[in-house]
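S.K.: Sharing a sequence plus its predicted fold:
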Amino acid sequence: MRMVALLRKELADERQNLALFVPAMIVGVVAIFLPVLVAIVIPSVTGERLSSSSDFQIALEMYRDQPATRGLDPEAAIQAYLFQFFAVMLVLIPVTSSMSLAAYSVVGEKHARTLEPLLVTPITTFELLGAKVLGAFIPSIVLTVAFFALYMLLAAVFERPGVAGTLLASQTLGTVFLLGPLAALAALQMAVCVSSRVNDVRTAQQIGVLVILPIPGLLIGQLAGALRLTMPLIALIAIGLLVVNAALMWVAIALFDRESILTRWK
Amino acid sequence: MATPALIAHRLTRRFGDRVAVDGASFELTPGEIFALLGPNGAGKTTTLRMLAGLIAPTSGSVQVDGAAMTPAAAPRLRQRIGFLTEAPGLWDNLTVRENLDVYAHLYGLADPTRAVDDVLELFAIADRASERPARLSKGLKQRVALARALVHRPAIVLLDEPTAGLDPESAHRVRELIVGMRDEGRAILLCTHNLDEVERVANRVAVLRSRLVASGTPGELRQQLFAPRLRVRVARPAQSFAGILHAAGASDVRTDGEWLSIAGTVPTPTIVRVLVEAGADVEAVEREEPSLEDVYLKLLHPERAQA
């Protein structure tokens, strides 16, 4: 009950501070704009079909043997490849959003000196942290779902028939809705840990950005053909993130020691 | 005497090599305001935090209604305590009502809406309930913070500098509210630098400088520290009567213009009679009351204060 009360406060606070979502919105716009640019705008401007470009031949061969893309014509298959490829960027939305929300939520309380009155109540550290984490996590996931829906809509409107349906493949859904939330959870726990040792939101966000680094790595790795986000790989990364999350939760609770907060936070 | 609502027994807290609070013992009873005075860094806030179970004492103990304040018991015992922190600490993005409502829920109150309505009414802030704290004056913010500290109707109230930085009118209003809390039977611990405030509202006073330097009612502290003195105003320069009073047995006579200040055990009627017989026109006779500031300074700096 106490966690719910504080969670409601977190969400109400965020509603009054929509600027917190701007970084994630920018990432989201870029994430949905890039595949449209590469798969639709550039071919339209240059008049060159994607399927006739030698750059995409490898991709075409890779994706034509997938059940989801088997029935597509070459052009649609490459478009599907591009949309699935850039879907990794959607993972950045919950990560960016939760990190900025969590950093604000903790450092913001520190600045406003609102934490001590809160600690005087019977709320436990777990309830307090739980509300903070959920308060950042829930809006981040809502934002991700919204952007994924927009992503699907753009694919349905601008791409060849059948392309949008391929985004419902398990790899894409697993990337966006399994790796995304787990990475977001890691990012926001990282932000909570960092926030308990720094005094401004930007520093907390900048240090928390370390969590983002592996995500462009996934993108580049796919682009270079070094890796492909198959379900087993997604599951492996998810397990890794679960371990990281468990460790971060332990560290976050340890750093969130009430005495430290009251006596060392300046 | 009423059963203590809170007992601090030899409370000690160290931060590394620094001893913030050193063996402080005192009790807080229902229906009294107990003021904790001390210079900056004397350990007042640390003491309050230990009493509220926010930080653990290095040694010593706190009892709330007879139950020991342990980490396990702290969440339950905090239900009995209201704590006004030094900064109001209100969420500026929430309205006043929303701020209080969150706390009413955090305390698990059966009827949070009613509890919030009650404190809004009690602290005369119902008309500001839908405003955000950022738009309120400092005095109003402090009233909201007090309302928050009382939303769960605690028996013990800990107040850290409740009138610091407030204009005289707001400070007066806050003081009235504090007295009102006492009159409702709550046990109130008031940490402040404002000696005038203590003089006006406190039943008992303690001076803390890591150690508890002294404790008692203001009158008891005056008695402990200052010999009783009588002030007499005469129509002529007082200097001419000092020798006569010495001769009558007054051990310490000081003069200041038309005022005589007399220490010692000579009864007041004797002093007046001696002066009148010596031709003095006695215009006023009063007991000399050292201010609480004199008491405080003497406690903290016995070598500097005037005896």
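M.R.: Arrived safely, thanks for sending.

S.K.: From B:G89, how far out is whichever residue of the stretch 51-200 of chain B sits closest to chain A?
M.R.: Ranked by C-beta to the nearest C-beta, the top residue of the stretch 51-200 of chain B for proximity to chain A is B:H105, at 3.4 Å. The way it works is simple: take the backbone N, C-alpha and C, and place the C-beta from them, glycine included. Distance, B:H105 to B:G89, by C-beta to C-beta, to the nearest Å: 17 Å.

S.K.: what's the answer for B:A250, then?
M.R.: Distance from B:A250 to B:G89, counting by C-beta to C-beta: 55 Å.

S.K.: ok, now A:F147?
M.R.: From A:F147 over to B:G89 (counting by C-beta to C-beta), the distance is 35 Å.

S.K.: Spell out which helix or strand contains B:R254, please.
M.R.: strand B:252-256 (DSSP states H and E).

S.K.: Then B:D22?
M.R.: Assigned by DSSP H and E, B:D22 belongs to strand B:18-28.

S.K.: In its sheet, which strands sit next to that strand, and in what direction?
M.R.: As defined by DSSP bridges, the strand partners of strand B:18-28 come to strand B:6-15 (antiparallel).

S.K.: Give me the contact list for the partner strand.
M.R.: A:263, B:19-28, B:43, B:46-47, B:50-51, B:55, B:57-65, B:156, B:187, B:189 (C-beta atoms under 8 Å, 6 or more residues apart in numbering or on different chains).

S.K.: For those, which PyMOL command selects only the ones that are buried?
M.R.: A single PyMOL command selects the buried members of the contacts of strand B:6-15 (16 or more other C-beta atoms under 10 Å in any protein chain shown):
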select buried, (chain A and resi 263) or (chain B and resi 20+21+22+24+26+27+28+43+46+47+50+51+55+57+60+62+63+64+156+187+189)
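
S.K.: Need the phi and psi values for the residue of the stretch 201-307 of chain B found nearest chain A.
M.R.: Distance from chain A to each residue of the stretch 201-307 of chain B (C-beta to the nearest C-beta) is smallest for B:S210, at 15.8 Å. The phi/psi pair for B:S210 (degrees, to the nearest 10) reads phi 60, psi -60.

S.K.: shouldn't it be in contact with B:P39?
M.R.: No. Checked against C-beta atoms under 8 Å, the pair B:S210 and B:P39 is beyond contact range at 10.3 Å.

S.K.: These two - which one has more neighbours?
M.R.: More neighbours surround B:S210 than the other of B:S210 and B:P39, with 20 against 12 (other C-beta atoms under 10 Å in any protein chain shown).

S.K.: Can you point out the helix or strand that includes the closest residue to B:E289 other than its chain neighbours?
M.R.: Using C-beta to C-beta, 6 or more residues apart in numbering or on different chains and skipping residues adjacent in sequence, the residue nearest B:E289 is B:R222, 6.9 Å away. Using DSSP H and E, B:R222 sits within helix B:218-225.

S.K.: right, and the helix or strand after that helix?
M.R.: strand B:229-234.

S.K.: In its sheet, which strands sit next to that next one, and in what direction?
M.R.: Strand B:229-234 has the following strand partners under DSSP bridges: strand B:259-263 (antiparallel), strand B:282-288 (antiparallel).

S.K.: For chain B, what's the nearest residue on chain A?
M.R.: A:A5 (3.4 Å).

S.K.: That residue - nearest residue in space that isn't next to it in sequence?
M.R.: With C-beta to C-beta, 6+ apart, the residue lying closest to A:A5 is B:H105, at 3.4 Å.

S.K.: Could you pull up the residues touching that neighbour?
M.R.: Shown in contact with B:H105 (C-beta under 8 Å, 6+ apart): A:M1, A:R2, A:V4, A:A5, B:P112.

S.K.: Mind doing that once more with 10 Å?
M.R.: Residues in contact with B:H105 (C-beta atoms under 10 Å, 6 or more residues apart in numbering or on different chains) are A:M1, A:R2, A:V4, A:A5, A:L6, A:R8, A:K9, A:T121, B:P112, B:A115, B:V116, B:V151.

S.K.: So for the fifth one, what pLDDT did the model give?
M.R.: Translated: A:L6. pLDDT, A:L6: 93.

S.K.: counting contacts, what elements does the helix holding B:R222 pack onto?
M.R.: When contacts are defined as 3 or more C-beta pairs under 10 Å, 6 or more residues apart in numbering or on different chains; DSSP states H and E, helix B:218-225 sits against helix B:195-201, strand B:204-209, strand B:211-216, helix B:292-300.

S.K.: Give the other helices and strands that the second one contacts.
M.R.: Judged by 3+ C-beta pairs under 10 Å, 6+ apart, the packing partners of strand B:204-209 are strand B:18-28, strand B:33-37, helix B:44-51, strand B:187-192, helix B:195-201, strand B:211-216, helix B:218-225, helix B:292-300.

S.K.: Between these, which one is closest to A:L168.
M.R.: helix B:44-51 (54.5 Å; C-beta to C-beta).

S.K.: what sits against A:T114?
M.R.: Counting by C-beta under 10 Å, 6+ apart, the residues that A:T114 touches are A:K9, A:D13, A:G108, B:T85, B:A87, B:P88, B:G89, B:L90, B:W91, B:D92, B:N99.

S.K.: Please tabulate those residues in CSV, including the columns distance to A:C193.
M.R.: Output for those, formatted as CSV (distance: C-beta to C-beta, whole Å):
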residue, distance to A:C193
A:K9, 22
A:D13, 21
A:G108, 16
B:T85, 25
B:A87, 25
B:P88, 28
B:G89, 23
B:L90, 27
B:W91, 23
B:D92, 26
B:N99, 28
